[in-house]
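Q: the sequence and its predicted three-dimensional model are supplied below.
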Amino acid sequence: MDKIGDISRFKERQNIILEGFDPVTAGGFTQIPNILLKQTFSNNAKVVYAKLLSYAWHNNQVFPGQERMAEEIGSSKSTVGRAIQELEDRGWLEIQRRGQGKTNLYILKYQVIPNKGKK
């Protein structure tokens, strides 16, 4: 992982430079749908969804290992696994298994379904 202060290596990969930003701001932000926050998901599921979104913004596809996710959010692999299962069961996530020794491909699902009774 690059250090924020290592500007020379940072400039080689980026076309926008954040000069003078603190490490929190320079690390970026991830927005999650407010509707997800209002769901009766566990907090772990909400954090895992946000982490998956943060990966997706950089790659257009999300395929991190659960161990890596757990380490990055300060959780255990089993907690991440339960959160992923919760998201999959509720239709917010689809998992494509890619085979022995490979990480899964996670497809984040989000669709707003209008309430038919209200205008």
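A: Yep, it's here.
Q: okay, F29 and K77: tell me how far apart.
A: The spacing between F29 and K77, counted by CB to CB, to the nearest Å, is 26 Å. The C-beta positions use only the backbone N, C-alpha and C, and glycine is treated the same way.
Q: again with E86
A: To K77, E86 is 15 Å away according to CB to CB.
Q: of those two, which one has the most company?
A: Each of E86 and K77 has its neighbours counted (other CB atoms under 10 Å); E86 has more, 18 against 14.
Q: now that one, what's its secondary structure?
A: The assignment at E86 comes out as helix when based on DSSP: H, G, I helix; E, B strand; the rest coil.
Q: show me the contacts for it.
A: Contacts for E86 (CB atoms under 8 Å, 6 or more residues apart in numbering) come out as 41-42, 44-45.
Q: in helices, which of these appear?
A: Using DSSP state H, the members of the contacts of E86 that fall within helices are 44-45.
Q: of the contacts of E86, closest to G81?
A: Nearest to G81 among these: N44, at 10.1 Å, using CB to CB.
Q: mind checking how far the residue lying closest to Q39 once chain neighbours are set aside is from G99?
A: In this structure, Q39 finds its nearest non-sequential neighbour in R90, 7.5 Å apart by CB to CB, 6 or more residues apart in numbering. Relative to G99, R90 is positioned 26 Å away (CB to CB).
Q: you'd agree A50 is up against F29?
A: No: taking contacts as CB atoms under 8 Å, A50 lies outside contact range of F29: 10.2 Å.
Q: more crowded one of these two?
A: Counted by other CB under 10 Å, A50 and F29 do not tie: A50 has more neighbours, with 15 against 8.
Q: does the more buried one sit in a helix or strand, and which one?
A: helix 43-59 (DSSP states H and E).
Q: what mean pLDDT does that helix get?
A: For helix 43-59, mean pLDDT is 84.
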